[in-house]
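Novice: Sequence plus predicted model, see below.
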Amino acid sequence: MTESAASPLVLYDTLSAGKKPLELLEPGRCKLYVCGPTVYDMSHIGHARAAVVPDVLVRFLRASGIEVLFVRNITDVDDNIIRRAATEGISVDAVTSKYTAAYHEDLGALHCLRPDIEPRVTDNIPQIVALIERLFAAELAYASDGDVYFRVARFAGYGALSKRNLDDMQAGARVEINERKESPLDFVLWKGAKPGEPTWDSPWGPGRPGWHIECSAMSLRHLGETFDIHGGGRDLIFPHHENEIAQSQGACGPGTFARHWMHNGFIDFAGEKMSKSLGNFFTIREVLALYLPEALRYFLLGVHYRSGLNFDVEVPCPGCGQLLTPEQQKPGSTCPSCAAPLELARLRAQVRFPGLEEADERVAYVYDTLARCERALAVVAPNPEDGVPNDVSPAVAGMLSAFVAALRDDLNTAAAIAALSESLREVNRQLEFKKKPDIAARRPTLVRFLADMGVVSQYLGLFAEDPATYLRQRRDRKAARQRLDVAEVERLLRMREDARAKKDWKEADRLRAELGLLGVTPQDTAEGSTWTL
RNA sequence: GGCCUGGUAGCCAAGUGGUAAGGCAGAGCUCUGCAAAAGCUCUAUACGCCGGUUCAAUUCCGGCCCAGGCCUCCA
């Protein structure tokens, strides 16, 4: 107990390149900064992963009794935003508010907790200017023709996070020639104003902040000079986080800033990095139009957060159903086996994600088990023996501690989820004994299971819905996707039940065939008939 | 070219100096008017290649091959 209070979690730290116990600056309190989105477009599933990973971290820490101060920024000034405003023919403000709202909506659907503070760059211009002034005072900043740059050569230790030295970077530099910079490695802190762009006044003239300075300024404002954990996607290690360190430590001194660096791996498609071609770029919304959010969340948590996550996409030919390679999916081409024309819209409409389908069925299995469990318990009255711990089956009794132990070790959600399997199976095994006395004897196990799964759902942000409701939603969503008239299905199903009651098998089978034409399969259970797709 | 990851059964994916979680797929069983669905049971001599250290290596070290990432905006 005391040990876990001292270090609730062992986390991989990018800077020291190894796992280390999380030691909080202030016992019981954790200050966390995560790089948030630049709001100029819909978020894709890579953003979803970058949000879900810290979300589990926050949930874990809070479940461990730690008070978490979670800050995640919104970048609302940048080249992409300005460009987007031009192409959409709307203001910069309209762009950022539109995509900020969409971001919140998407993450909300994925059960991500909102950060405690969500600062925007445009609300922090004075803080940014003040920080740049401190860098001037330290001779780490210089003005040049309206811009302000960071003098990288002057900051000892540059490259520590990304494990490279200045010589390596000089050698492999693919940096554009910029006459205004003293060195190609220097990066911009303040961009001089250009016509038509949002600008703010500063001691160096009108302009707007560079990308990296905002995170240094906002973390300083809300978390102080030094805080516990800084997170973000792997790609941000260089140059973004490297530059943040240079700025923040340059201004506040050695030993300040983030004590722990956490980076999540990428999602890739068939081994390739996600890009905006047909087969391998999907927004959260596109995916959620096809699958329930919990399926996506489960899928994302099924792999360790530092690993790459392979997101398989199957694109069948609309004509013959044959799977198409990315090469064959190019717009304007025809199917190699049936010569059907391949239009982008039709292809995208019937894309399949095998990994998500597997996840979806797994989530349904868990909810099914929970539902069965609740039903069984509703039938049996509690008895005084319930509290006896020995009555709980070992698999179920050990589930929660195995689950938490896996998370404690570098947030291993894959292992944690695997730790649930044994008791899920055990509970279903016990549920197979249908006779009342047997169920009564197993009551302690079922009660314990439900209680512990409630805790699990707090950690994972999964399995928290009412099981029956979830399962109904899942079926209705599938029905909607196939444009099915649920009322009609229910009517046919009732007719078939009547026929079965009269043992009119011929009529019952005829109705089954009729339902089959709709794509519906009736299922006869002890409690009556239901249906699936 | 520089830096950095990773290569575990048909597929996905944890993990470990003493002979390897979990999921999918596969087989069987139960249930059922027949089915279906679901649940349960079972299943695989799987740790890229070559050396080295060790009583013992998939796990450590070196080399090689392969894949990917970063070095420019990027979750």
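Specialist: Thanks, I have it. Keep in mind that this is a model prediction, so the values were computed, not measured.
Novice: Quick one: neighbours of the residue in chain A that RNA strand B sits nearest to, just the number.
Specialist: For chain A, the residue closest to RNA strand B is A:Gly233, as judged by C-beta to the nearest atom of the strand, at 1.5 Å. C-betas here are computed from N, CA, C, even on glycine. For A:Gly233, the tally of surrounding residues (other C-beta atoms under 10 Å) stands at 20.
Novice: show me the contacts for the closest residue to it other than its chain neighbours.
Specialist: Nearest-residue entry for A:Gly233: A:Ala50, 4.9 Å, with adjacent residues in sequence omitted and distances by C-beta to C-beta, 6 or more residues apart in numbering. Contact partners of A:Ala50, counting by C-beta atoms under 8 Å, 6 or more residues apart in numbering, are A:34, A:232-233, A:264.
Novice: any idea which element A:Ala50 lies in?
Specialist: Per DSSP states H and E: A:Ala50 is located in helix A:45-63.
Novice: Please state the offset of that helix from the chain centre?
Specialist: Counting by C-alpha atoms, centre = their mean, to the nearest Å, helix A:45-63 is centred 6 Å from the centre of its parent chain.
Novice: What residues sit buried inside that helix?
Specialist: By neighbour count on 16 or more other C-beta atoms under 10 Å, the buried set for helix A:45-63 is A:45-62.
Novice: for the record, mean pLDDT for it?
Specialist: Throughout helix A:45-63, pLDDT has a mean value of 96.
Novice: Who are the packing partners of the following helix or strand past that helix?
Specialist: Per DSSP H and E, the first helix or strand lying C-terminal to helix A:45-63 is strand A:67-72. In terms of contacts (3 or more C-beta pairs under 8 Å, 6 or more residues apart in numbering; DSSP states H and E), strand A:67-72 is packed against strand A:29-34, helix A:45-63, helix A:211-223.
Novice: 6 Å instead, please
Specialist: Other helices and strands packing on strand A:67-72, by 3 or more C-beta pairs under 6 Å, 6 or more residues apart in numbering; DSSP states H and E, are strand A:29-34, helix A:45-63.
Novice: Report whether it contacts RNA strand B.
Specialist: No: Strand A:67-72 does not reach RNA strand B (C-beta under 7 Å from any atom of the strand); its nearest approach is 10.7 Å.
Novice: what residue ranges in the stretch 401-533 of chain A score low on pLDDT?
Specialist: For the stretch 401-533 of chain A, the stretches with pLDDT under 70 are A:433-437, A:527.
Novice: Strands of that one, residue ranges please.
Specialist: For the stretch 401-533 of chain A, the strands defined by DSSP state E, counting those that start in this stretch cover A:521-525, A:528-532.
Novice: Make JSON lines out of those strands and add mean neighbour count.
Specialist: Listed next are the strands of the stretch 401-533 of chain A as JSON lines, based on neighbours: other C-beta atoms under 10 Å:
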{"stretch": "strand A:521-525", "mean neighbour count": "12"}
{"stretch": "strand A:528-532", "mean neighbour count": "13"}
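Novice: Make JSON lines out of those and add distance to RNA strand B.
Specialist: JSON lines is the format used below for these (distance: least, C-beta to the nearest atom of the strand, whole Å):
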{"stretch": "strand A:521-525", "distance to RNA strand B": "3"}
{"stretch": "strand A:528-532", "distance to RNA strand B": "5"}
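Novice: any chance of those strands in JSON lines, plus distance to A:Leu493?
Specialist: Formatted as JSON lines, those follow (distance: least, C-beta to C-beta, whole Å):
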{"stretch": "strand A:521-525", "distance to A:Leu493": "6"}
{"stretch": "strand A:528-532", "distance to A:Leu493": "6"}
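Novice: out of the ones you listed, which comes closest to A:Glu358?
Specialist: strand A:528-532 (16.9 Å; C-beta to C-beta).
Novice: which residues touch that closest one?
Specialist: A:493, A:497, A:520-523 (C-beta atoms under 6 Å, 6 or more residues apart in numbering).
Novice: try stretch A:89-107
Specialist: Counting by C-beta under 6 Å, 6+ apart, A:37, A:39, A:42-43, A:51, A:74, A:76, A:81, A:84-85, A:198, A:284 sit against stretch A:89-107.
Novice: Likewise for stretch A:494-509?
Specialist: Stretch A:494-509 is contacted by residues A:511, A:529 when judged by C-beta under 6 Å, 6+ apart.
Novice: got the buried residues for that stretch?
Specialist: A:495-497, A:499-500, A:508.
Novice: Next: stretch A:180-197.
Specialist: Neighbour-count burial for stretch A:180-197 [16+ other C-beta under 10 Å]: A:181, A:183, A:185-193, A:197.
Novice: and which of those residues is nearest to A:Asn310?
Specialist: Among those, and counting by C-beta to C-beta, the member closest to A:Asn310 is A:Phe187, at 33.0 Å.
Novice: what's the pLDDT at the closest one?
Specialist: So A:Phe187 comes in at 94 (pLDDT).
Novice: thought it was touching A:Val148?
Specialist: No: when contacts are counted by C-beta atoms under 6 Å, A:Phe187 is not listed as touching A:Val148 (10.3 Å).
Novice: And the one helix or strand A:Glu105 maps to, how far out from the chain middle?
Specialist: Element membership of A:Glu105, judged by DSSP H and E, is helix A:92-109. What separates the centre of helix A:92-109 from the centre of its chain is 16 Å, taken as C-alpha atoms, centre = their mean.
Novice: relative orientation of that helix and helix A:45-63 in degrees?
Specialist: Inter-element angle recorded for helix A:92-109 and helix A:45-63: 60 degrees (by axes from the mean of the first three to the mean of the last three C-alpha atoms, to 10 degrees).
Novice: Return the set of buried residues in helix A:92-109.
Specialist: Buried-residue list, helix A:92-109, by 16+ other C-beta under 10 Å: A:92, A:95-96, A:98-100, A:102-103, A:106-107, A:109.
Novice: Just want the angle from that helix to strand A:67-72.
Specialist: Using the same axes, to 10 degrees: helix A:92-109 against strand A:67-72 is 140 degrees.
Novice: thinking again about what came up before, how much space between the residue nearest to A:Gly233 and A:Phe353?
Specialist: Distance, A:Ala50 to A:Phe353, by C-beta to C-beta, to the nearest Å: 19 Å.
Novice: what residue ranges in the stretch 201-350 of chain A score low on pLDDT?
Specialist: A:270-271, A:275-280, A:326, A:331.
Novice: can you pull out the helices in it?
Specialist: Per DSSP state H, counting those that start in this stretch, the stretch 201-350 of chain A carries helices over the ranges A:211-223, A:242-252, A:284-288, A:293-301, A:344-349.
Novice: for RNA strand B, what are the nearby residues on the stretch 151-300 of chain A?
Specialist: By C-beta under 7 Å from any atom of the strand, the part of the stretch 151-300 of chain A that sits against RNA strand B consists of A:162-164, A:168-169, A:171-175, A:187, A:211, A:232-240, A:264-268, A:271-274.
Novice: ok, of these, which come out buried?
Specialist: For those, a neighbour count by 16+ other C-beta under 10 Å gives the buried set as A:162, A:169, A:187, A:211, A:232-233, A:236-237, A:239-240, A:264-267, A:274.
Novice: closest to A:Asp312 among those residues?
Specialist: A:Ile267 (10.9 Å).
Novice: give me the beta-bridge partners of that closest one?
Specialist: A:Leu309 (DSSP bridges).
Novice: List the residues that contact it.
Specialist: Shown in contact with A:Ile267 (C-beta under 6 Å, 6+ apart): A:45-46, A:49, A:309, A:311.
Novice: try 10 Å this time
Specialist: A:Ile267 makes contact with A:44-50, A:233, A:273-274, A:280, A:282, A:299-300, A:303, A:308-311, according to C-beta atoms under 10 Å, 6 or more residues apart in numbering.
Novice: A:Asp466 too?
Specialist: Applying C-beta under 10 Å, 6+ apart, we find A:Asp466 in contact with A:367, A:370-371, A:374, A:472-473.
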